[in-house]
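quick check, what structure comes out for this input:
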Amino acid sequence: MPAQLGSCAGIAFPRCGRPGTLRSARDLPVPSQSHPAPHRGSPVTAATALLSELTARAKATAHSGTPTAPTCVCGTSTLADRPDATVVRHADTVAKAHAPGTPLAELTARLTAAGRLRGILLPPLTPTPVALHDRLVTFWPYGTPVDPRNPDAAPWEEAATLLARLHRTPASPGLPAMRGPAKAARAVDRLRAAGPHPATRPVLEAWATLPAWARAEVPMPDTRTLCHGDLHLGQLVRHPAPDGHWLLIDVDDLGTGVPAWDLARPAAWYACGLLPPDEWARFLDAYRTAGGPAVPPHGDPWPALDVPARALTVQTAARSLTKALAADRPLDEVEQSLVDACARMGSVPPELTGTFAK
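Residues are numbered from 1 along each chain as shown. Now for the predicted structure:
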């Protein structure tokens, strides 16, 4: 295993539960199962109307150009239903309603990039989004996701190789910036607005130690490298289903930026003990073998990974704390460990780590 993995100041978390264990589906994010239909007689909300019409669009797209039986028996399922994304599947077609306010030009540029990156990203079925209520909708072929019940079979090498190929591909002209830092900043803003909590202070202090680019206050130091922006195991599917090649999905954060951001989440999981050392080594080695430019080909990767891994730690802690405040519940063990890591990050002056970008 490469030297000094996990040794960067403030990011070496305490072990959470049994070392090397993915504790829950939250640690191995994948699309959820079918969303239950509303009870009969419940008010028809805007969200319910969106889900109903999105399902109809998915069905129409799935059967476009082919005769449809009077009664379709293909079946429909809701893969996600959140404020920032609603995703439904009908037969082999997936329809996604993107977050309100998503810029049309940026999403179109990202779809164009996905369409030309075949073999790396899942290509969309249509090249441009369509409007539905106040949302933009895109259509995709269905792919088989990672099975959260079998973390030992997680495709870490495949994910790393796809990232390396993505990072080596020249970005299309006009592609917007990768949205990772902006999403981290939004998570921190939501924490600030969520109300008082003793854990808020260490999270915000850790945020303050990050360089301005990682807080989305200035452009990233790399504005040319193509990045995914939100890599986790829920962003991989096999296509064609059920056993085709692994491909990356979700173009919402795709853009140019610092490629180490795409390695930051598994790096932080490894440091926390959620990802076993051998799996982290397999992921890192596969990325290096494939020529990924985010880290040096040999030696200690943490000078490149330190800032993004810290930023992802703060982002995850901020989200967890915001959710705990909204539910009026205490932090669980993993959430508290993230806050503890932030406390250590805030206590170490950035100039002493020797790894922060200027």
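
going forward, measure contacts and count neighbours with C-alpha atoms only.
Will do.

from memory residue 268 sits against residue 311, does it?
No - counting by C-alpha atoms under 8 Å, residue 268 stays clear of residue 311, with 9.9 Å between them.

and the residue most central in space within the chain, helix, strand or coil?
Among the residues of the chain, the one closest to the centroid is residue 230, at 3.1 Å (C-alpha atoms, centre = their mean). On the three-state scheme (DSSP: H, G, I helix; E, B strand; the rest coil), residue 230 is labelled coil.

what distance do you get for it to residue 297?
The gap separating residue 230 from residue 297 is 23 Å, by C-alpha to C-alpha, to the nearest Å.

so in terms of bridging, what pairs with residue 80?
Note on residue 80: beta-bridge partners residue 87, judged by DSSP bridges.

just use 783 as the starting number from now, easier for me
Got it, first residue is 783 now, which makes that one residue 862.

distance of the closest residue to residue 1098 other than its chain neighbours from residue 829?
Distances taken as C-alpha to C-alpha, 6 or more residues apart in numbering put residue 1120 closest to residue 1098, at 7.5 Å, once the chain neighbours are dropped. Distance, residue 1120 to residue 829, using C-alpha to C-alpha: 32 Å.

neighbour-wise, which of those two wins?
Just comparing residue 1120 and residue 829: by other C-alpha atoms under 10 Å the higher neighbour count belongs to residue 1120, 26 against 13.

wasn't the more buried one part of a strand?
No - counting by three-state DSSP, residue 1120 is not part of a strand but helix.

residue contacts, it?
795, 1095-1096, 1098-1099 (C-alpha atoms under 8 Å, 6 or more residues apart in numbering).

just the strands in the stretch 1033-1140 of the chain please.
Assigned by DSSP state E, counting those that start in this stretch, the stretch 1033-1140 of the chain shows strands spanning 1037-1038.

so for stretch 913-929, what's the average pLDDT?
For stretch 913-929, mean pLDDT is 96.

I meant to write stretch 1117-1124 there.
90.

one more: stretch 1023-1043?
Stretch 1023-1043 shows a mean pLDDT of 97.

return the set of buried residues in it.
1027-1043 (16 or more other C-alpha atoms under 10 Å).

how long is it from one end to the other?
29 Å.

if we can go back for a sec, quick check: the residue nearest to the centre of the chain touching residue 960?
No - using C-alpha under 8 Å, residue 1012 is not in contact with residue 960; the gap is 9.1 Å.

who touches both of these two?
residue 1035.

sorry, back to before: in the contacts of residue 1120, find the pair that's most separated.
795 and 1098 (13.5 Å; C-alpha to C-alpha).

between the two, which is the more surrounded one?
residue 795 (24 against 20).

residue 886: neighbour count?
15.

same check, this time on residue 835
14.

helix or strand: which one has it?
helix 828-844 (DSSP states H and E).

packing partners of that helix?
strand 867-872, strand 875-880 (3 or more C-alpha pairs under 8 Å, 6 or more residues apart in numbering; DSSP states H and E).

where does pLDDT dip in the stretch 983-1132 of the chain?
Applying pLDDT under 70 to the stretch 983-1132 of the chain picks out residues 1130-1132.

what segments of it are helices?
1046-1054, 1059-1071, 1084-1109, 1115-1129, 1132-1135 (DSSP state H, counting those that start in this stretch).

and the nearest residue to residue 1059 once chain neighbours are set aside, how close does it get to residue 928?
Distances taken as C-alpha to C-alpha, 6+ apart put residue 1052 closest to residue 1059, at 6.5 Å, once the chain neighbours are dropped. Distance of residue 1052 to residue 928, computed by C-alpha to C-alpha: 19 Å.

what about these two, which has more around it?
Shown here are residue 1052 and residue 928; by other C-alpha under 10 Å, residue 1052 has more neighbours (25 against 22).
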